[in-house]
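Novice: Fold the following, please.
(one chain, ligands or ions: 1)
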Amino acid sequence: MEHGMILSGKALSDKMKLALREQVAAFPERYGRVPHLAVILVGEDPASQTYVRGKEKACELVGIRNTTFRLGAETTQEELLSRIAALNADPQVDGILVQLPLPEGIDEARIIEAIDRDKDVDGFHPLNVAGLWMKRPCTVACTPKGILRLLDEAGVTLQGKRAVVVGRSQIVGLPTAKLLLDRNATVTICHSRTRDLGAVTREAEVLVVAIGRPRFITGDMVGEGAVVIDVGVNRDPVSGKLCGDVDFDAVAPKASVITPVPGGVGPMTIACLLENTVEAFLRKQ
Ligand code: NDP
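Specialist: Predicted coordinates:
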């Protein structure tokens with residue numbers, strides 16, 4: 001089948017991890033220690049467990065110290081807050097990540113706000129979010145950061161382009177739209193109430209899809225030559241395999257560049273988390 005360039009997040013993230021490993025290897029001599037990422041996982045959500053294991057493995061590969069706290073689903077908000085306070089106060093901890101979603105009864109916003117903004121390697125703290133929107137120094141969320149890296153790697157110029165982001169979540173859609181805007185793309189944000197979504201997405205020269213619905217973006221919704229970034233991670237209802245929000249087989253022949261699922265945005269998110277952790281460490285030196 002003819003198709004556009006498949007943009008491998010796996011390959012680019014491997015490259016980033018190798019570079020980070022080299023950088024981190026010099027830290028013990030220069031700074032006396034390596035960066036340290038603390039991860040908190042509450043409860044037994046299987047997807048969250050997989051993500052946390054992926055983060056542990058990636059830290060190990062790069063030489064970042066990782067401590068994962070696996071807390072029972074019965075953990076209270078107070079317990080979680082005191083755990084975060086201890087990590088905030090610990091000078092040996094550079095990054096703190098609380099794996100989302102949290103069990104019911106815990107206020108996610110309260111938890112995220114409790115993390116020291118300088119240790120917020122996820123970039124979810126209100127001060128980091130505000131920093132992004134006000135163009136102040138900040139930690140940028142890992143998935144949007146990874147998406148921009150992929151576009152740069154593919155040599156996509158964004159200035160003046162029509163970019164469409166489908167999905168308006170705080171963690172993916174909105175920050176991605178802002179980063180594209182900062183690169184002087186003309187950005188449209190779509191969501192579940194958008195009328196005639198296909199008419200909007202067909203006009204996109206750069207299309208980023210983050211909705212969480214298996215193969216929702218069909219071939220007829222994509223214009224010839226579009227650059228397509230698929231953020232979705234879904235289980236195919238029939239085969240049970242991982243698939244994106246984009247119908248890859250139908251869209252790839254029309255796209256000039258497209259990311260696969262798995263092996264696209266997912267590994268970039270982890271590589272950018274490692275990078276944010278190294279940056280948090282270096283800011284303190
Ligand atoms: P959310 O559920 O928070 O947001 C989904 C967004 O999609 C909402 O803005 C929603 O609109 C919109 N949406 C839902 N249905 C439709 C529709 N039929 N038409 C148009 N828009 C629609 O999801 P996330 O942003 O957290 O995640 C999106 C996907 O990306 C998921 O599959 C998730 O697993 C994946 N993901 C992958 C990551 C990675 O590293 N690869 C990282 C994070 C997420 P509305 O606001 O109107 O409800």
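
Novice: So what does the closest residue to Ala25 other than its chain neighbours have for phi and psi?
Specialist: By the measure of C-beta to C-beta, 6 or more residues apart in numbering, the closest residue to Ala25 outside its immediate chain neighbours is Gly63, 6.1 Å from it. For the C-beta atoms, the positions are set from N, CA and C on the backbone; glycine is no exception. Gly63 has phi and psi values of phi 90, psi 20 when expressed as degrees, to the nearest 10.

Novice: my read: Gly63 touches Ala26, true?
Specialist: No - between Gly63 and Ala26 there is no contact under C-beta atoms under 8 Å: 10.1 Å.

Novice: between these two, who's got more neighbours?
Specialist: Set Gly63 next to Ala26 and count neighbours by other C-beta atoms under 10 Å: Gly63 wins out with 17 against 10.

Novice: who are the neighbours in contact with the more buried one?
Specialist: Taking C-beta atoms under 8 Å, 6 or more residues apart in numbering, we find Gly63 in contact with 21, 24-25, 34.

Novice: From Lys57, how far out is it?
Specialist: In this view, Gly63 and Lys57 are 12 Å apart by C-beta to C-beta, to the nearest Å.

Novice: Go ahead and confirm Thr176 touches Gly146.
Specialist: No - the pair Thr176 / Gly146 is not scored as a contact, 9.8 Å apart, by C-beta under 8 Å.

Novice: mind checking the SS state of whichever residue of the stretch 1-150 of the chain sits closest to the ligand?
Specialist: Proximity of the stretch 1-150 of the chain to the ligand (C-beta to the nearest ligand atom) peaks at Thr143, 4.3 Å away. Three-state call for Thr143 (DSSP: H, G, I helix; E, B strand; the rest coil): helix.

Novice: Leu41 now?
Specialist: Three-state call for Leu41 (three-state DSSP): strand.

Novice: these two touch, right, it and Phe69?
Specialist: Yes - the criterion here is C-beta under 8 Å, and Leu41 meets it with Phe69 at 7.0 Å.

Novice: how about the helices of the stretch 151-285 of the chain, start to end?
Specialist: 173-182, 197-201, 248-251, 265-284 (DSSP state H, counting those that start in this stretch).

Novice: what's the offset of the longest one from the middle of its chain?
Specialist: By that I understand helix 265-284. Distance, stretch centre to chain centre, for helix 265-284: 10 Å (C-alpha atoms, centre = their mean, to the nearest Å).

Novice: next one: the first one
Specialist: For helix 173-182, the distance from its own C-alpha centre to the chain's C-alpha centre is 13 Å (C-alpha atoms, centre = their mean).

Novice: in that helix, what's buried?
Specialist: By 16 or more other C-beta atoms under 10 Å, the buried positions in helix 173-182 come out as 173-181.

Novice: Can you check the pLDDT for Gly4?
Specialist: Predicted confidence (pLDDT) for Gly4: 78.

Novice: That one: neighbouring residues, count only.
Specialist: 18.

Novice: quick one, what contacts it?
Specialist: Contacts of Gly4 (C-beta under 8 Å, 6+ apart): 225, 252-258.

Novice: and if we set it to 6 Å?
Specialist: When contacts are counted by C-beta atoms under 6 Å, 6 or more residues apart in numbering, Gly4 touches 255-258.

Novice: and what of Asp230?
Specialist: Here Asp230 is in contact with 209, 244-246, 259, 261, 264 (C-beta under 6 Å, 6+ apart).

Novice: got a pLDDT number for it?
Specialist: We have a pLDDT of 98 for Asp230.

Novice: For it, which non-adjacent residue is spatially closest?
Specialist: Of all residues not flanking Asp230 in the chain, Gly244 sits nearest, at 3.8 Å (C-beta to C-beta, 6+ apart).

Novice: just checking, that neighbour touches Gly232?
Specialist: Yes - when contacts are counted by C-beta atoms under 6 Å, Gly244 is listed as touching Gly232 (4.3 Å).

Novice: Can you pick out the residue with more neighbours from these two?
Specialist: Comparing Gly244 with Gly232 by other C-beta under 10 Å, the one with more neighbours is Gly244, at 29 against 25.

Novice: how close does the more buried one sit to Ala86?
Specialist: Remark: distance between Gly244 and Ala86 (C-beta to C-beta) = 39 Å.
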